[in-house]
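In: only geometry, no sequence info:
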């Protein structure tokens, strides 16, 4: 798997769409650049080239209308499909209410009665404040680690209901696909499903204030048994089958 590729269906589709757009843009750029270079070299005055006078060309006008239309249609279809996948929430197995703050994230699992705050890890805080013996370069995942990760089960559809308690924030974990904005007074929804166990890191992607560097995101995808054990260790009740 490419380091930039996601671990969800949406992440894969976003990666593939980005690659398609990049290849199309590169081909257009190289084609236009080569045409300009050829014209400059082949038709320069020192070679005795003279401009051919003409008023209009129906074929040229048709070409510069049809070709861009075809290119836009070729990229619009997969782009629309990806946008549709972003908007599809489906039937969730796990629902998590996410509230953004300028120094932390707040995660609430209403189906299990669990509520946690996720702040920057203490080691990163110590290094930031210059405590004796602390060195940011020696802190593992400095500024990208937290004290409490968002824990979700593998092979489950997770629905996030995201809002903010203060400024506008952006909940973004690249491996899980698109960014979702956290806006005060509004709930935005994001769903994802991954079949891979592991830790996936992200951060607030909006200039939300002086505390932006403190609100990292870590999503811990675990097995169903470990997820239930985590709920129990945090005082939650075991959810029904719909909530895993």
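Out: Yes, it's here. From a predicted model like this one, the values you see are computed outputs, not experimental measurements.
In: all contacts plus neighbour counts: C-alpha atoms, from now on.
Out: Noted.
In: so what's the gap between the biggest helix by length in the chain and the chain middle?
Out: With secondary structure taken from DSSP state H, the chain has its longest helix at helix 9-42. Helix 9-42 has its C-alpha centroid displaced from the chain centroid by 23 Å (C-alpha atoms, centre = their mean, to the nearest Å).
In: and stretch 182-193, by the same measure?
Out: If you compare the mean C-alpha spot of stretch 182-193 with that of the full chain, they lie 13 Å apart, counting by C-alpha atoms, centre = their mean.
In: any chance you could list what contacts it?
Out: Stretch 182-193 is contacted from outside by 8-10, 86-90, 92, 99-100, 154-171, 176, 180-181, using C-alpha atoms under 8 Å, 6 or more residues apart in numbering.
In: pLDDT (mean, whole number) over that stretch?
Out: This predicted structure assigns stretch 182-193 an average pLDDT of 92.
In: numbering from 414 from now on, please.
Out: Got it, first residue is 414 now, which makes that one stretch 595-606.
In: quick check: end-to-end length of it?
Out: Start to finish, the residues bounding stretch 595-606 are 20 Å apart (C-alpha to C-alpha, to the nearest Å).
In: quick check: next helix or strand after the worst-scoring helix or strand of the chain on mean pLDDT?
Out: With mean pLDDT, DSSP states H and E as the measure, the helix or strand of the chain carrying the lowest mean pLDDT is helix 535-541 (a mean of 56). Beyond helix 535-541 in the direction of the C-terminus, DSSP states H and E gives the next helix or strand as strand 563-566.
In: just to revisit the earlier point, buried sites along the longest helix of the chain?
Out: With burial defined by 16 or more other C-alpha atoms under 10 Å, the residues of helix 422-455 counted as buried are 422-430, 433.
In: equivalent analysis for stretch 563-580, please.
Out: Of all the residues in stretch 563-580, those buried under the rule 16+ other C-alpha under 10 Å are 563-578, 580.
In: residue 499 belongs to a helix?
Out: Yes: with the criterion set as DSSP: H, G, I helix; E, B strand; the rest coil, the secondary structure at residue 499 is a helix.
In: dump the residue contacts of it.
Out: 423, 591, 603.
In: what's the pLDDT at the residue sitting furthest away from the middle of the chain?
Out: What lies farthest from the middle of the chain is residue 461; by C-alpha atoms, centre = their mean that is 54.8 Å. With respect to pLDDT, residue 461 scores 83.
In: from residue 454, how far off is it?
Out: If you go by C-alpha to C-alpha, the gap between residue 461 and residue 454 works out to 12 Å.
In: turn the contacts of residue 499 into a markdown table, including distance to residue 623.
Out: Conversion of these to a markdown table gives the following (distance: C-alpha to C-alpha, whole Å):
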| residue | distance to residue 623 |
| --- | --- |
| 423 | 31 |
| 591 | 24 |
| 603 | 26 |
